[in-house]
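Asks: quick one: sequence plus predicted model below, questions after.
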Amino acid sequence: MAAAATKKRGSNSIAKRESRNWSAYGFLAPYLLLFSIFIIIPIVIAIGLSFTSFDTIQAPTFKGFLNYVNLITQDEIFMQYVLPNTVKYALIVGPGGYVLAFLVAWALSQLTSVPRTILAIIFYSPSMTGAVAMAVVWKILFSGDQMGLINNWLMNLGVIDEPIIWLTSATYLLPIMIIVALWSSMGVGFLAMLAGILNADEELYEAAAIDGVKNRFQEMIYITIPTMKPQMLFGAVMAIVNAFQNGAIGVQLSGANPTPGYAGQLIVNHIEDYGFIRYEMGYAAAVSVVLLLIVMVFSKVFGRLLKDD
């Protein structure tokens, strides 16, 4: 009898666990459905189109790896301007925005609740601003006439004698894009890092003070950063993705795609140029797949760096 009762209790326990598992799958189902519709399926379609020639009117025709070969061997604009611009932009905006977001989050964590909340909203608001509205503000600053604020200040100081046409200059457009991107880099990653710092265990700081940690900088290096690696990793991935996908800045500032002299042309702009202006969807899909691979490589590298102890 005892053995039968034990077996019955075991069967009931297994049934309960299976019921909980099915409940978990039910909660995950909406997310998996949306993730498949908006992420997985578009990626699969883009990969498939990248092997074709497709102009949105006629049916796609299979071309094999021709689009990728042309991208590397014949697309001089991509190799001379787009790829170098994108790498330079991403290497400055990605790590720069990441470090800036962490330092601002750490500084805000030292404040009391009310000013911290107000300042966090202020720093986060540029990332919520639409590209068009953001471009209007910066166009006023960098307007290419005497009414532009930057030109007006520099001329009053005697630094320049005549206005500089900032936003159509091959020399200044990319640096201005980097400045604007850093200004708007306090996004979701910034909030995640702020939450990670605020949720750190206070007992660790007390123990560290007993062990000889003497200032805030040592606390940040030896306690704060090691205890919030998940948030740091999330912030790094978001910074990389935003750096590579944020191509609207150059187009909105200069008012043209391609940007003047291809000075601010990024891979995203190249995709839009071929996909929605020239309607060469197959080639645009190949460029988008290359961009996806670049983002994956950079994300893996940053992930390895942050996971290493």
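Replies: Yep, it's here. Numbering: from 1, shown residues only.
Asks: only C-alpha atoms from now on, for both contacts and neighbour counts.
Replies: OK.
Asks: how about the spatially most central residue of the chain: what's its closest non-neighbour residue?
Replies: Residue closest to the average C-alpha location in the chain (CA atoms, centre = their mean): N242, at 1.7 Å. The shortest distance from N242 to any residue other than its chain neighbours is 7.7 Å, reached at G94 (CA to CA, 6 or more residues apart in numbering).
Asks: in the helix or strand hosting that neighbour, which residues are buried?
Replies: In this assignment (DSSP states H and E), G94 forms part of helix 83-109. By neighbour count with 16 or more other CA atoms under 10 Å, helix 83-109 contains the buried residues 83, 85-87, 89-106, 108-109.
Asks: residue contacts, the residue nearest to I267 when sequence neighbours are not counted?
Replies: Nearest in space to I267, with sequence neighbours left out and distances taken as CA to CA, 6+ apart, is V82 at 5.8 Å. By CA atoms under 8 Å, 6 or more residues apart in numbering, the residues touching V82 are Y262, Q265, L266, I267, H270.
Asks: if we use 10 Å, what do you get?
Replies: Residues near V82 by CA atoms under 10 Å, 6 or more residues apart in numbering: D75, E76, Y262, A263, G264, Q265, L266, I267, V268, N269, H270.
Asks: export the residues you listed as a markdown table, with columns for neighbour count.
Replies: Putting the contacts of V82 into a markdown table (neighbours: other CA atoms under 10 Å) gives the following:
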| residue | neighbour count |
| --- | --- |
| D75 | 14 |
| E76 | 12 |
| Y262 | 21 |
| A263 | 21 |
| G264 | 33 |
| Q265 | 29 |
| L266 | 31 |
| I267 | 25 |
| V268 | 19 |
| N269 | 23 |
| H270 | 22 |
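Asks: among the residues you listed, name the ones in helices.
Replies: Among the contacts of V82, the members falling in helices (DSSP state H) are E76, I267, V268, N269, H270.
Asks: surely V188 is in contact with V241?
Replies: No. With contact defined as CA atoms under 10 Å, V188 does not count as touching V241 (11.8 Å).
Asks: how far off centre is stretch 49-67?
Replies: Here stretch 49-67 is found 29 Å from its chain centre; the criterion is CA atoms, centre = their mean, to the nearest Å.
Asks: please apply the same query to stretch 103-123.
Replies: Relative to the centre of its chain, stretch 103-123 is centred 22 Å away, using CA atoms, centre = their mean.
Asks: number of residues surrounding W153?
Replies: Using other CA atoms under 10 Å, W153 has 14 other residues around it.
Asks: contacting residues for it?
Replies: Q146, M147, V159, I160.
Asks: quick one: which of the residues you listed is nearest to T227?
Replies: V159 (47.7 Å; CA to CA).
Asks: for L204, see how far away that closest one is.
Replies: Distance, V159 to L204, using CA to CA, to the nearest Å: 52 Å.
Asks: still on that earlier bit, and the ones in helices among the contacts of V82, which two are the farthest apart?
Replies: Most distant of the ones in helices among the contacts of V82, by CA to CA, are E76 and V268, 16.4 Å apart.
Asks: sorry, back to before: show me what whichever helix or strand comes after the helix holding G94 is packed against.
Replies: With elements assigned by DSSP H and E, the helix or strand that comes after helix 83-109 is helix 113-128. Here helix 113-128 touches helix 83-109, helix 131-141, helix 173-183, helix 188-198, going by 3 or more CA pairs under 10 Å, 6 or more residues apart in numbering; DSSP states H and E.
Asks: next structured bit after the lowest-mean-pLDDT helix or strand in the chain?
Replies: The weakest-scoring helix or strand in the chain, judged by mean pLDDT, DSSP states H and E, is helix 2-35 (a mean of 66). The first helix or strand that comes after helix 2-35 along the chain, using DSSP H and E, is helix 41-49.
Asks: okay, buried residues for that following helix please.
Replies: Buried residues in helix 41-49, counted by 16+ other CA under 10 Å: I43, A46, I47, G48, L49.
Asks: got the contact list for it?
Replies: By CA under 10 Å, 6+ apart, helix 41-49 touches 35-37, 40, 50, 60-64, 67, 281-290, 292.
Asks: thinking again about what came up before, columns distance to I122 and mean pLDDT on top of the helices and strands packed on helix 113-128, output as CSV?
Replies: Formatted as CSV, the helices and strands packed on helix 113-128 follow (distance: least, CA to CA, whole Å; pLDDT from 0 to 100):
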stretch, distance to I122, mean pLDDT
helix 83-109, 12, 89
helix 131-141, 15, 77
helix 173-183, 12, 88
helix 188-198, 12, 86
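Asks: which one of those helices lies closest to M228?
Replies: helix 188-198 (5.6 Å).
Asks: give the other helices and strands that that closest one contacts.
Replies: Using 3+ CA pairs under 10 Å, 6+ apart: helix 188-198 touches helix 83-109, helix 113-128, helix 225-227, helix 229-245.
Asks: since that was my last question, I'll sign off now.
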